[in-house]
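Student: only geometry, no sequence info:
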């Protein structure tokens, strides 16, 4: 059974504003594909595209890129981007993609596949992929780290308190570890040509408020908002205050380096 999330307009807007475009991961995907068949590719799907952070970076590499999602609110946000002319979006579930069998060069899901009906999605991805096409699934752990001068350790202790508080609001469908979900899907993929990558650290310099915004876009934080909005606001404000104090800054606009730890796997459909 798939799970629908991130569908409220406010949540979708936060997702667009704060989520990081995984450019380094796009580079890894394209290097993997070009090692197999170094030419321009026709069609890429970004399944569970959200507001399009991973969709747009695919545009230079394909004749056509389509982002798909079940959430009208997310797709509405995606359309507010400056989308290249070869990028479009469609509303549909991940388990029923409106494309012909063997039509697609790349099926990618970026920080989304853990919400899908995993068995049905893998079968559908296999159906639409052409022989030699690539399946790419990626996500990141929620224990993002901060780097700032000589107080990084102090900042990350504060962040760990925040993550621990949100664990109680994690969707039970996800279990205790997203890495295990993706590892299990990797094991279920029958393609002999496949590779698993445990950790790729992606660093971005963001305002401290941008880091807080990213955390507030997590499904676990949004669950807390639904159950106890006052506690969600208190937790967010307290974390912001502690981080600013440790950094000795007076504004949440102060820049900090955010380290996002991605994991991903790539697989090539047999010819």
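Tutor: Cool, got the structure. This one's a predicted model, so the numbers in the text were calculated from it and none came from an experiment.
Student: Can you give me every residue that contacts the residue nearest to residue 106 when sequence neighbours are not counted?
Tutor: Nearest non-adjacent residue to residue 106, counting by C-beta to C-beta, 6 or more residues apart in numbering: residue 44, 4.1 Å away. For every residue, glycine as well, the C-beta is placed using N, CA and C. For residue 44, the contact set (C-beta atoms under 8 Å, 6 or more residues apart in numbering) comprises 58, 61-62, 64-66, 104-108.
Student: ok, residue 44 to residue 218 distance?
Tutor: 27 Å (C-beta to C-beta, to the nearest Å).
Student: Check residue 140 too.
Tutor: 11 Å.
Student: So between those two, which is more surrounded?
Tutor: More neighbours surround residue 140 than the other of residue 140 and residue 218, with 22 against 17 (other C-beta atoms under 10 Å).
Student: On the pLDDT front, check the closest residue to the more buried one other than its chain neighbours for me.
Tutor: Spatial nearest neighbour of residue 140, chain neighbours left out: residue 262 (4.6 Å); criterion: C-beta to C-beta, 6+ apart. Confidence at residue 262, expressed as pLDDT, is 92.
Student: quick one: what helix or strand has residue 262 in it?
Tutor: According to DSSP states H and E, residue 262 maps onto strand 255-268.
Student: ok, and for the helix or strand containing residue 25, which residues are buried?
Tutor: Residue 25 belongs to helix 23-36 when assigned by DSSP H and E. The neighbour-count criterion (16 or more other C-beta atoms under 10 Å) identifies 24-26, 28-30, 32-33 as the buried residues of helix 23-36.
Student: Tell me what angle whatever helix or strand comes next after that helix forms with helix 23-36.
Tutor: For helix 23-36, the following helix or strand on the C-terminal side (DSSP H and E) is strand 41-47. For strand 41-47 against helix 23-36, the angle by axes from the mean of the first three to the mean of the last three C-alpha atoms, to 10 degrees is 140 degrees.
Student: Tell me the strands beside strand 41-47, with direction?
Tutor: strand 62-69 (parallel), strand 104-110 (parallel) (DSSP bridges).
Student: Distance of the nearest residue in space to residue 175 that is not next to it in sequence relative to residue 25?
Tutor: Nearest non-adjacent residue to residue 175, counting by C-beta to C-beta, 6+ apart: residue 181, 6.7 Å away. Counting by C-beta to C-beta, the gap between residue 181 and residue 25 amounts to 17 Å.
Student: now do residue 135
Tutor: Taking C-beta to C-beta, one finds residue 135 at 14 Å from residue 25.
Student: Could you tell me which residues touch both of the two?
Tutor: In contact with both residue 135 and residue 25: no residue, using C-beta under 8 Å, 6+ apart.
Student: what about residue 153, helix or strand, and which?
Tutor: helix 152-167.
Student: Could you single out the nearest of the buried residues of helix 23-36 to residue 223?
Tutor: Minimum distance to residue 223 across the buried residues of helix 23-36 is 26.4 Å, recorded for residue 25 (C-beta to C-beta).
Student: What distance do you get for the closest one to residue 57?
Tutor: Residue 25 is 9 Å from residue 57, by C-beta to C-beta.
Student: all helices of the stretch 1-150 of the chain, in order?
Tutor: 9-18, 23-36, 72-78, 118-128 (DSSP state H, counting those that start in this stretch).
Student: what's the last one packed up against?
Tutor: The contact analysis (3 or more C-beta pairs under 8 Å, 6 or more residues apart in numbering; DSSP states H and E) places helix 118-128 against strand 41-47, strand 104-110, helix 178-188.
Student: In a markdown table: the ones you listed, plus distance to residue 255 and mean pLDDT.
Tutor: Listed next are the helices and strands packed on helix 118-128 as a markdown table, based on distance: least, C-beta to C-beta, whole Å; pLDDT from 0 to 100:
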| stretch | distance to residue 255 | mean pLDDT |
| --- | --- | --- |
| strand 41-47 | 29 | 96 |
| strand 104-110 | 25 | 96 |
| helix 178-188 | 28 | 94 |
